[in-house]
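**Q** Starting from these lines, generate the structure:
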Amino acid sequence: MVTVTVSLPESAKDWLDEQVRRGPYATAGDYLTQLILRERAQRGEELTIEELRDLLSASRHSGVSPRKVSEFFSEAEKVAEQWKAGRG
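**A** So this is what the prediction gives:
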């Protein structure tokens with residue numbers, strides 16, 4: 001993983017922090033990573049093996065999630081639908 005510094009207006013930073021507090025994300029970086037992955041899916045771009053390995057490594061180091069397994073499957077189904085729609 002690398003560190004990227006991004007300048008945001010305070011209102012955008014507040015909104016981002018709120019998404020992390022309300023959602024399943026541990027950090028703002030996790031949330032932004034998901035946004036990037038969704039955008040790539042909508043464009044029909046596929047992840048490389050190295051990118052998949054990086055995501056897996058990051059998930060292993062992020063700790064135990066408070067979410068239920070059913071929530072993960074529900075999210076996975078939504079992501080799969082987004083990928084399909086992006087390629088259609």
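**Q** For the rest of this, base every contact and every neighbour count on C-alpha atoms.
**A** Noted.
**Q** per-residue confidence for Pro9?
**A** According to the prediction, Pro9 has pLDDT 95.
**Q** Give me the distance between it and Leu16.
**A** From Pro9 over to Leu16 the distance is 11 Å, taken as C-alpha to C-alpha, to the nearest Å.
**Q** which of the two has more neighbours?
**A** Between Pro9 and Leu16, Leu16 has the larger neighbour count (other C-alpha atoms under 10 Å), namely 17 against 7.
**Q** what about that one, helix or strand, and which?
**A** In the assignment (DSSP states H and E), Leu16 maps to helix 10-22.
**Q** Report how many residues lie close to Ala41.
**A** What Ala41 shows, counting by other C-alpha under 10 Å, is a neighbour count of 21.
**Q** any low-confidence regions in this structure?
**A** Low-confidence segments of the chain, defined by pLDDT under 70: 86-88.
**Q** what's next to the longest helix seen in it, contact-wise?
**A** The helix spanning the most residues in the chain, taking DSSP state H as the definition, is helix 69-87. The contact list for helix 69-87 (C-alpha atoms under 8 Å, 6 or more residues apart in numbering) reads Arg38, Ala41, Gln42, Arg43, Gly44.
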